[in-house]
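**Q** I'd like to go over a predicted model; first the sequence, then the structure.
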Amino acid sequence: MAGIPLYFVDLQDDLDDFGFEDYGPDCDSMRITAFLDIPGQDNLTPLARLEKYAFSENIFNRQIIARGLLDVFRDFSNNEEDFLTVMEIVVRLSEDAEPTVRTELMEQIPPIAIFLQESRPNFPTAFSDYLMPIVVRYLTDPNNQVRKASQEALLILLEQELLAQNDIENKVCPILLDLSAPDSDDEYKVEAVNIICKMASMLSKTIVERMLLPRFCELCGDGKLFQVRKVCAASFGDICNAVGQESTERFLIPKFFELCSDSVWGMRKACAECFMAVSYTTSPEVRRSKLSPLFINLISDPCRWVRQAAFQSLGPFISTFANPSSAGLYIREDGTLSIRPSAQDVTSSSCQAGNNANITSASTNIVSSSLEQPIEIKSESSTEGTSAEANPLIRVESPRTDLLKGSSNSCGGPGEALTRLSQNDNTTACVIEGIKDCHVSNCQGVNSRFQSAEDIFNTFLYWRPPLPDISQDLELLQSKTEKHEEGCSVSKAMCNNCVASSEIKKVLESLQEHMDDPDVQAQVQVLSAALRAAQLESINDYETKRTEESNGKLQNELSTFEASHATVEKNTLSSSSFQDDVSDQSTTIILKSTESEEQHNGTIEFLKKEQHNNPPIEVDKSKLQDIIPQPLLDQYLSMTDPARAQTVDTEIAKHCAYSLPGVALTLGRQNWHCLKDTYETLAADVQWKVRRTLAFSIHELAVILGDQLTAADLVPIFNGFLKDLDEVRIGVLKHLYDFLKLLHADKRREYLYQLQEFVVTDNSRNWRFRYELAEQLILILELYSPNDVYDYLRHIALTLCSDKVSEVRWISFKLVVAILQKFYANNANALGLNFINELVARFRHCSKWIGRQAFAFICQAVVEEECMPVDHFVEHLLPSLLSLASDPVPNVRVLLAKALRQTLLEKAYFKSVGNPHLEAVEETVLALQSDRDQDVSFFATVKPKLNNMDMTSLEKQN
């Protein structure tokens, strides 16, 4: 319709000849085919005149008919015979030789189809029999413009569900399959593939799998045209979503692998862009085992544009690994994100206390009883699916009659456990304290049993002859205690060496990205040699120390055994039973010494094996998790590296910040330590766009992490954003209420002092910033007590009420009403009264008419919201409100008339008979009805149509 006047301006003479004398450029409301109803000199009926102009030699006449077909169908739809005649004319018109006529006709097909759908009872098969063949035929039209019009019409018909399934299967799909055949024209093939990919999401799964999926898989391997493969790659996610998981993994994933390794970089880039959609339709096993390595290949692609697209899709791809059962994610009815505490979180939060309690209890049992079974203390990680190696069992064997065995275990256990637990930093913090408690308890238990040993012997052998001399046994026990302390010192030294080694590893990791520099390569070689030397030195020192100690201990035990045996031989036969006991005890000592030696040798072999398997440069253990493949997380964390900005994308840090909440949600709060450093790096990025992105999502991240992690890690960053640029502060301000409500009351109260800073902006013209502040303060009121609102937020509200911008003032008036409602809802009547007196002094007696108008609006809103008792209103606000009737400014009196007529007099309190204040209100209304200003008298007389305030009218008066 928009292009019609051009024809009328250029061809006005032709219009006069064909009955268009009254149809000019300004007659937009007229029907295009209105000339059919105008009696002409030819004395033809409208239907005959339609046929005459539809096949006129003048191209413009045929275009007009094609453009006005919808009106023609409406005019002739009452008569079935005439309607079918029009259909035949349309079919003949579709064969017009002029491409513009065919294009105009095709553009009218969708609205005609909608009209026929509404009139389906009268013409159930008209569209399928007459118009659908035209759409299909135009898909192969030689003119490119006609084909484009038919393709757009077909997609609209599918989207509006105006095509029958029979037509789709028997008419649309066959022609598309023919056009996309291997021997088809290249141009037609590309267009057909594009239509197939777009219409796949609009068709049923059965039709797509049965008719389109085989051809799509064939086109993905088209070796003739890369344009065909590119269209397939760009729409791969839509096809996967249309056919479902089973068909995707069976047929499409192999083709996706081929496209990801295509020689044309545009194909690989398109695959990287749709990777998340493909991953979403696959099973977790396929996603982890097949798609993850494939994505790593795209990230390391030699083409920069492919790497750029891959890094942009990395965060969304990681989000497909999210498991609602482990993350506790669910969406509320209002669409907001909420986290349900899961069993893993409960276990993680109680890990420290629970493990310490269990280990202490086990230590008590070791001292007080003689258990045959070993006591197992399991360190449970908060992450699901953790392997046995990541969660080792800490076995503490309870001593039986052997006193020295408990001492040996208590000395060797912690060092060995520390070595094993170094594989899992997630559980180390919880378990190490328990090991220390267990170690101390064991030592105390040995001492207690030693102190009571004499009593036990006296009780057991009170009737026997003199007891054998056990002084040498006491010396042996003392030497064992000293060796226990030395063993602990050895373990401590090994821990120190491990710390030094870890520092060298961190330096090596930082240099890994710059291996192209020869100087860096030399530094890496030196540091690697130092790392190997430090680790081998700790192993050799440990092995030498333990060997010397074992040899000395063995000699001492042998000499002790010989001395004990010689002493026993000199005793009487009555003590033979005790000799057997001492002999068993000495034998046990030798056996345990041998077992301890083998145990230490096994530890040395374990350390050597770890040194051999782990290269000098390895991943920081604090970044380990098992929710997603570790290489994906490592690549995501590397997006903050400045080198990535130079080699991949200058805005790669922004993409990292944008997808960080999704990655955090996938990993869960138990793995927040993996992202903490990255988040802090992004928060300190020099680009304000990166910080702005984080500021807009920090409230969602706070929901994911919970109150404890939020207070510890997010609050400092939040405070930094508060002092940032306005472009960053606006992100924090828009969700200020959402973030503050997640904090504890004491922490939340600290921000009362900082809210005043939002009033000041870098640019005073940025009034939307202050508008947003007023909107957030209305929500924030519920988070603070009435006293805090009066002391802090009241001043901000009154300052905003005096803003230069009208929009800010009007929303601030609503804030003032909300504050007043807060006071009376919490029975803080004294604060409410003080606030009312301040409003009267500040606005009612304001020297500017805008202030007095604001007072009328505030009073109207107070009555409308019923935010205070009526008796308080009529006592403290009504007299000041009625006094505005004599205000010299008409705008003030207009708002007063609206407040009285549309609000006050509509309340039941003022409608009641005998109300002492009703007379004063009615007298004021009568005075306003006779006001000299027409607008004032109008609003004082007219009855309200709506109960609520018309903000649009209020704004127009300014």
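**A** Perfect, I can see it now.
**Q** from here on, just use CA atoms for contacts and neighbour counts.
**A** Will do.
**Q** low pLDDT regions in the stretch 51-200 of the chain?
**A** Counting by pLDDT under 70, the ranges of the stretch 51-200 of the chain that qualify are 120.
**Q** so which residues of it form helices?
**A** 59-67, 69-76, 80-93, 99-107, 109-118, 126, 132-138, 144-159, 165-167, 173-179, 186-199 (DSSP state H, counting those that start in this stretch).
**Q** can you mark which positions in the helix or strand that residue 893 is a member of are buried?
**A** If you go by DSSP states H and E, residue 893 is part of helix 890-902. For helix 890-902, a neighbour-count test (16 or more other CA atoms under 10 Å) marks 890-902 as buried.
**Q** same question, stretch 799-810
**A** Quick answer for stretch 799-810 (16+ other CA under 10 Å): 800-803, 805-806, 808-810.
**Q** okay if I get these as JSON lines plus distance to residue 746 and pLDDT?
**A** Shown next, in JSON lines, are these (distance: CA to CA, whole Å; pLDDT from 0 to 100):
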{"residue": "800", "distance to residue 746": "27", "pLDDT": "94"}
{"residue": "801", "distance to residue 746": "29", "pLDDT": "93"}
{"residue": "802", "distance to residue 746": "31", "pLDDT": "90"}
{"residue": "803", "distance to residue 746": "31", "pLDDT": "91"}
{"residue": "805", "distance to residue 746": "35", "pLDDT": "92"}
{"residue": "806", "distance to residue 746": "36", "pLDDT": "92"}
{"residue": "808", "distance to residue 746": "30", "pLDDT": "94"}
{"residue": "809", "distance to residue 746": "31", "pLDDT": "93"}
{"residue": "810", "distance to residue 746": "32", "pLDDT": "93"}
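**Q** what's the closest of these to residue 824?
**A** Proximity of the buried residues of stretch 799-810 to residue 824 was ranked by CA to CA; the top entry is residue 801 with 21.0 Å.
**Q** how many residues are close by the closest residue to residue 741 other than its chain neighbours?
**A** Excluding the flanking residues, the one nearest residue 741 by CA to CA, 6 or more residues apart in numbering is residue 783, at 6.8 Å. Neighbour count for residue 783, taken as other CA atoms under 10 Å: 16.
**Q** same question, residue 823
**A** Residue 823, neighbours per other CA under 10 Å, totals 23.
**Q** same check, this time on residue 115
**A** So residue 115, with other CA under 10 Å, has 14 neighbours.
**Q** got a list of what it touches?
**A** Residues in contact with residue 115, defined by CA atoms under 8 Å, 6 or more residues apart in numbering, are residue 70.
**Q** quick check: it vs residue 710, distance?
**A** Residue 115 sits 57 Å away from residue 710, going by CA to CA, to the nearest Å.
**Q** measure residue 261 to residue 267 for me?
**A** 8 Å.
**Q** repeat that for residue 696.
**A** According to CA to CA, residue 696 stands 34 Å off from residue 267.
**Q** need the helices of the stretch 51-200 of the chain in TSV (columns: distance to residue 795).
**A** Listed next are the helices of the stretch 51-200 of the chain as TSV, based on distance: least, CA to CA, whole Å:
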stretch	distance to residue 795
helix 59-67	64
helix 69-76	63
helix 80-93	72
helix 99-107	61
helix 109-118	58
helix 126	71
helix 132-138	68
helix 144-159	55
helix 165-167	66
helix 173-179	69
helix 186-199	57
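**Q** nearest to residue 883, of the ones you listed?
**A** Proximity to residue 883 (CA to CA) singles out helix 109-118 among those, at 60.8 Å.
**Q** ok, back up a step: can I get the buried residues of helix 890-902 in TSV with distance to residue 214?
**A** Listed next are these as TSV, based on distance: CA to CA, whole Å:
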residue	distance to residue 214
890	76
891	73
892	74
893	76
894	73
895	71
896	74
897	74
898	70
899	71
900	73
901	72
902	68
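**Q** which of those residues lies closest to residue 850?
**A** residue 892 (7.8 Å).
**Q** can you report how many residues neighbour the nearest residue to the closest one once chain neighbours are set aside?
**A** Nearest residue to residue 892, sequence neighbours excluded (CA to CA, 6+ apart): residue 853, at 4.7 Å. When neighbours are counted by other CA under 10 Å, residue 853 registers 24.
**Q** what lies in contact with whichever strand or helix holds residue 853?
**A** Using DSSP H and E, residue 853 falls within helix 849-865. The contact list for helix 849-865, computed with CA under 8 Å, 6+ apart, reads 813-814, 816-817, 839-840, 842-846, 868, 877, 881, 884, 889, 891-892, 895-896, 899-900, 903-904, 948.
**Q** got a quick ChimeraX command for the buried subset of the residues you listed?
**A** The ChimeraX command for the buried members of the contacts of helix 849-865 (criterion: 16+ other CA under 10 Å) is given here:
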select :813,814,816,817,839,840,843,844,846,868,877,881,884,889,891,892,895,896,899,900,903,904
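**Q** check which helix or strand residue 695 maps to.
**A** helix 688-709.
**Q** which element follows that helix toward the C-terminus?
**A** As assigned by DSSP H and E, the chain's next helix or strand after helix 688-709 is helix 715-722.
**Q** the helix or strand following that next one versus helix 715-722: what angle between them?
**A** Heading C-terminal from helix 715-722, the first helix or strand you meet, by DSSP H and E, is helix 726-734. Relative orientation of helix 726-734 versus helix 715-722 (axes from the mean of the first three to the mean of the last three CA atoms, to 10 degrees): 120 degrees.
**Q** by mean pLDDT, which helix or strand of the chain comes out lowest?
**A** Least confident helix or strand, the chain: strand 393-396 with a mean of 31, by mean pLDDT, DSSP states H and E.
**Q** ok, the buried residues of stretch 799-810 vs residue 300, which is closest?
**A** Nearest member of the buried residues of stretch 799-810 to residue 300, counting by CA to CA, is residue 808, at 51.1 Å.
**Q** that closest one: what secondary structure?
**A** Put simply, residue 808 is helix when judged by DSSP: H, G, I helix; E, B strand; the rest coil.
**Q** from here on, call the first residue 827.
**A** With the count now opening at 827, the last piece we talked about shows up as residue 1634.
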